[in-house]
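Participant: Got a predicted structure plus its sequence, pasted below:
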There are 2 protein chains.
Amino acid sequence: MVSLMAHMQFSIDVLERFCNDAFEKFGFTSKEAGIITDVLLLSDKYGIESHGMQRLSRYHKGIEKGMIKPQAKPEVVFESPVSAVIDGHDGMGQIVARQAMELCIEKAKKTGMCVVSVRNSNHYGIAGYYAKMAVDKGLIGMSFTNSEAIMVPTFARKAMLGSNPIALAVPADPHPFIYDASTTVVTRGKLEMYRKAEKPLPDNWALDAQGKPSNDADLVLRNILAKAGGGIMPLGGSEEVSGSHKGFGYGMICEIFCSVLSQGLTSNHTHTDGKGGTCHGFVAIDPAAFGDAKEIKAHFSTFLQELRDAPKAEGHDRVFVAGDKEADALARTAQEGIAVDVKTVIEMKQMAEFLGLDFASYFGALELDESGFETLY
Amino acid sequence: MVSLMAHMQFSIDVLERFCNDAFEKFGFTSKEAGIITDVLLLSDKYGIESHGMQRLSRYHKGIEKGMIKPQAKPEVVFESPVSAVIDGHDGMGQIVARQAMELCIEKAKKTGMCVVSVRNSNHYGIAGYYAKMAVDKGLIGMSFTNSEAIMVPTFARKAMLGSNPIALAVPADPHPFIYDASTTVVTRGKLEMYRKAEKPLPDNWALDAQGKPSNDADLVLRNILAKAGGGIMPLGGSEEVSGSHKGFGYGMICEIFCSVLSQGLTSNHTHTDGKGGTCHGFVAIDPAAFGDAKEIKAHFSTFLQELRDAPKAEGHDRVFVAGDKEADALARTAQEGIAVDVKTVIEMKQMAEFLGLDFASYFGALELDESGFETLY
């Protein structure tokens, strides 16, 4: 991890109160603001800084520009006992997605499983949040989203797919299995960290506008924004020998559950002409449709423990199964609160001023050096 | 691709006749032999040499050793309108898997979707075959299988997961989207090709028994067979910076649909004490559960064409979407027949002798130099 940033520590309660109030000021109902806050804070509690408070300014800009419509109400446009298509009507991604996964869980509880596909939504935060919703009800959950095109297909030189994360959560002891990752080799956020640190990108991460390998984070990020060509490679890099076509394939699996089943915008058509148009996909499966849910959970938990107990590679003393790092971070942040990048704190202060909220009433009189600071988005 | 092997060209008809007769001799019914042959030949027709005729000797040994039981009849041990668990009773993987996917399709046609999880089976050939079965009926299909442990989890030094392929097939024009790949960076077959060619493995593919990176294909393969430690890395290599944890995560997704839902053997427990115990997973989704199936197909086909038409990276003149190479190979092998490695032809001849089949009556009097040849498995 590359990080040059200073951080300030805040209690979860204060951040929660601030976010709730801010989103109410943007025009969301109290319940809706609570949902958005819950999604953002879970990311920070999991230690995934890129998708928590750091995203506030992006949502702020999205609402300001009219890409995100706070008054929109998601609409079920097609459904069966095991499926639904929802039109988000350009609403806030978290609101649309939460409603979609609630419907997915409700149907899966009745029938055994369900897939819900969503179109015309916006950035929905961490994919894992919605997969975990299913686990909280004893089900297996999956969550997918497309996004602005950043992934260059194998042998192409133009970004055509999003970071296209796939999340899967499965009930387990002592804590759920939660896998959540982009199908690109890294996310855009990681490139932003390399740019801030002025470090060259590792090989096989990115292409320039001409389709040549590039180690220049700033150049690649500018090209993505300008849709000038190039972008980030799929998991597996740029060559078939390292499995580039596999990362591309996983990106496609994501796209199918999101934009194909919902007939929404594929990643390459989202985020044009001031419209987001992001699509999501959700799956819920009741283990009870396959036998005794408790036995299945115990069987899986045994396997997870065998993986943790496997002999370690040279230089390593721990094997992490998906969800272990999240569980560690949950325990740590519950004790210590959440560390927020100073740059993000400044953005939050700017947002408070824009909304007419008294920033100091939440965070006290912070000493922030705002000179030379410009909002990233 | 590394290949030092000489090949002989055969017509599809002759190979089909030979396989059918051979599997009948092994004790399968004529219908069952036809299914096994169909799976093996589709692999060769798709140009996936590793899973076609080349596997015959492995199945031969599996049946001889009693790991594969030709008389076994798969049994549905749990089911609901959207799900089933099948016990393969150590039968031939292709027979068990084909029956499982047929049930999956039948249920999905009625309800909109279905997941079938299978335990106590054996190697089932290419995962894509079963995903394609769904496409042939107008559905979206997925297919998963675990296998003998070859994948070393991130930061471990012992193989704990199989090659754990994920296959997804989706109706599209001019031909279906068919994604089918292992979740390891490469399969064991690729290492075998490097060993035959006496070439060093690329970096980040494999670990030795001590958990150190290894470029020695022979050493790694021997360690896997002896369960001595080490193995092949997940897609993404050995470090988190290149996404190793993501390949490991996809391997886990596969495992969950196979051994977790069926409560069968996880990869690390398969292939011990003379038992295979392979588990599979199958998904079928009817696009009609999300709207007009024809419109969904057209929408997806447009996206696929946009991907093919994307500007190309330096040094490349074609972007392949999953299924394109298979379509090319289908057309080519329909014209030219199938090229079979001479070593494989010798194995087929040995199998014919074992079974009391007149090899020359299928293939004529071939001149084969069998000196110094030993069967690999």
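Facilitator: Here it is on my side, so go on. Numbering: from 1, shown residues only, chains lettered A, B, ... in the order given.

Participant: When you work out contacts or count neighbours from here on, use the C-alpha atoms and nothing else.
Facilitator: Will do.

Participant: and the closest residue to A:E192 other than its chain neighbours, what does it touch?
Facilitator: Using CA to CA, 6 or more residues apart in numbering or on different chains and skipping the chain neighbours, the partner closest in space to A:E192 is A:A217 (7.1 Å). Residues near A:A217 by CA atoms under 8 Å, 6 or more residues apart in numbering or on different chains: A:L191, A:E192, A:Y194, A:R195, A:K199, A:P200, A:L201.

Participant: Check A:G337 too.
Facilitator: Neighbour list for A:G337: A:Q9, A:F10, A:S11, A:I12 [criterion: CA under 8 Å, 6+ apart].

Participant: roughly how far apart are the most centrally placed residue in chain A and B:M53?
Facilitator: The C-alpha lying nearest the average C-alpha coordinate of chain A belongs to A:I126 (CA atoms, centre = their mean; 2.7 Å). Computed as CA to CA, to the nearest Å, the A:I126 to B:M53 distance reads 45 Å.

Participant: Over to A:L235?
Facilitator: Relative to B:M53, A:L235 is positioned 31 Å away (CA to CA).

Participant: In the stretch 51-200 of chain A, mark out all the strands, start to finish.
Facilitator: A:75-80, A:83-87, A:113-121, A:140-145, A:166-170, A:177-181 (DSSP state E, counting those that start in this stretch).

Participant: And the worst-scoring helix or strand of chain A on mean pLDDT, how far out from the chain middle?
Facilitator: The weakest-scoring helix or strand in chain A, judged by mean pLDDT, DSSP states H and E, is helix A:188-196 (a mean of 86). Relative to the chain's own centre, helix A:188-196 is displaced by 16 Å; criterion: CA atoms, centre = their mean, to the nearest Å.

Participant: Output the contacting helices and strands for that helix.
Facilitator: On a contact count with 3 or more CA pairs under 8 Å, 6 or more residues apart in numbering or on different chains; DSSP states H and E, helix A:188-196 meets helix A:217-225.

Participant: now the helix it packs on against helix A:188-196, angle please.
Facilitator: 140 degrees (axes from the mean of the first three to the mean of the last three CA atoms, to 10 degrees).

Participant: quick one: average pLDDT of the helix or strand following helix A:217-225?
Facilitator: The helix or strand immediately downstream of helix A:217-225 is strand A:231-232, counting by DSSP states H and E. Summarised as a single mean, pLDDT over strand A:231-232 is 96.

Participant: Are the top helix by length along chain A and chain B in contact anywhere?
Facilitator: The residue-count maximum for a helix in chain A (DSSP state H) belongs to helix A:93-111. Yes - judged by CA under 8 Å from any CA of the partner chain, helix A:93-111 comes into contact with chain B through A:T111.

Participant: which other residues reach that helix?
Facilitator: Under CA under 8 Å, 6+ apart, the answer for helix A:93-111 is A:32, A:35-36, A:39, A:73-74, A:81-84, A:86, A:88, A:113-116, A:118, A:121-125, A:130, A:133-134, A:137, A:139, A:280, A:282-286, B:81-82.

Participant: Mark which of the contacts of A:G337 are part of strands, please.
Facilitator: The strands, defined by DSSP state E, take in A:Q9, A:F10 from the contacts of A:G337.

Participant: Next, format the contacts of A:G337 as JSON lines and append pLDDT.
Facilitator: Below are these laid out as JSON lines (pLDDT from 0 to 100):
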{"residue": "A:Q9", "pLDDT": "94"}
{"residue": "A:F10", "pLDDT": "96"}
{"residue": "A:S11", "pLDDT": "96"}
{"residue": "A:I12", "pLDDT": "97"}
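
Participant: For the closest residue in space to A:D341 that isn't next to it in sequence, list the residues it contacts.
Facilitator: Among residues not flanking A:D341 along the chain, A:H7 sits closest, at 4.3 Å (CA to CA, 6+ apart). Shown in contact with A:H7 (CA under 8 Å, 6+ apart): A:A339, A:V340, A:D341, A:V342.

Participant: re earlier: what mean pLDDT does the longest helix of chain A have?
Facilitator: For helix A:93-111, mean pLDDT is 98.

Participant: A:G236 reaches A:V185, doesn't it?
Facilitator: Yes - with contact defined as CA atoms under 8 Å, A:G236 counts as touching A:V185 (6.5 Å).

Participant: OK, contacts around A:A149?
Facilitator: By CA under 8 Å, 6+ apart, the contact list for A:A149 reads A:A159, A:M160, A:L161, A:G162, A:S163, A:I224, A:S267, A:N268, A:H269, A:T270.

Participant: need the residues of the stretch 151-300 of chain A near chain B, please.
Facilitator: Counting by CA under 8 Å from any CA, the stretch 151-300 of chain A sits next to chain B at A:153-158, A:160, A:168, A:179, A:181, A:185-186, A:210-212, A:235-236, A:242-243, A:246, A:249, A:253, A:260-263, A:266, A:287, A:289-291, A:296, A:299-300.

Participant: Show me those that map onto helices.
Facilitator: With helices taken from DSSP H, the overlap with those comprises A:K246, A:G249, A:I253, A:I296, A:H299, A:F300.

Participant: So which of those residues is surrounded by the most neighbours?
Facilitator: A:K246 (29 neighbours; other CA atoms under 10 Å in any protein chain shown).
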